[in-house]
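J.: Sequence plus predicted model, see below.
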Amino acid sequence: MATLFVLYGQPADTAEFDRYFTDVHLPLADKIPGVRRLSYGHVQSIDGAAPPYYLSAQVVFDSLDDLRAGMGSPEGQAAAADVATFATGGATNLIQLDER
């Protein structure tokens, strides 16, 4: 499995971020070919301090090749380009390749 993690920084307007993410961005991401699972959630720290991120999204593919193909597709490119539209706190992308 290969998982794309998208870590969204604290947005300027959390209500607008949540609305846009749910109503506009997720429908784009749902069209990416090869996605096995897409999940997301608001981030909390273990000690209750302010977390460095607001929301984390995970997009799971069967393999790194499938991830690259999906994100390189027109649908993947559209979803990736859309992030700049609403992620006023920035976004960090990481890929995890499962070893266990």
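T.: Here it is on my side, so go on.

J.: give the contact list for residue 21.
T.: Going by C-beta atoms under 8 Å, 6 or more residues apart in numbering, residue 21 touches 40, 55, 86. For glycine as for every other residue, the C-beta is placed from the backbone atoms N, C-alpha and C.

J.: And those residues, which is closest to residue 30?
T.: residue 40 (11.7 Å; C-beta to C-beta).

J.: Not counting sequence-adjacent ones, nearest residue to the closest one?
T.: Leaving aside its chain neighbours, residue 40 sits nearest to residue 57 (4.0 Å; criterion: C-beta to C-beta, 6 or more residues apart in numbering).

J.: Over to residue 9?
T.: Excluding the flanking residues, the one nearest residue 9 by C-beta to C-beta, 6+ apart is residue 89, at 3.0 Å.

J.: next one: residue 25
T.: residue 82 (5.6 Å).

J.: didn't the residue nearest to residue 9 look like it was pressed against residue 7?
T.: No: with contacts counted by C-beta atoms under 8 Å, residue 89 stays clear of residue 7, the gap being 9.9 Å.

J.: returning to what we had before: measure how buried the residue nearest to residue 9 is and give me the count.
T.: 16 (other C-beta atoms under 10 Å).

J.: phi, psi of it?
T.: Here is the backbone geometry of residue 89 (degrees, to the nearest 10): phi -90, psi 10.
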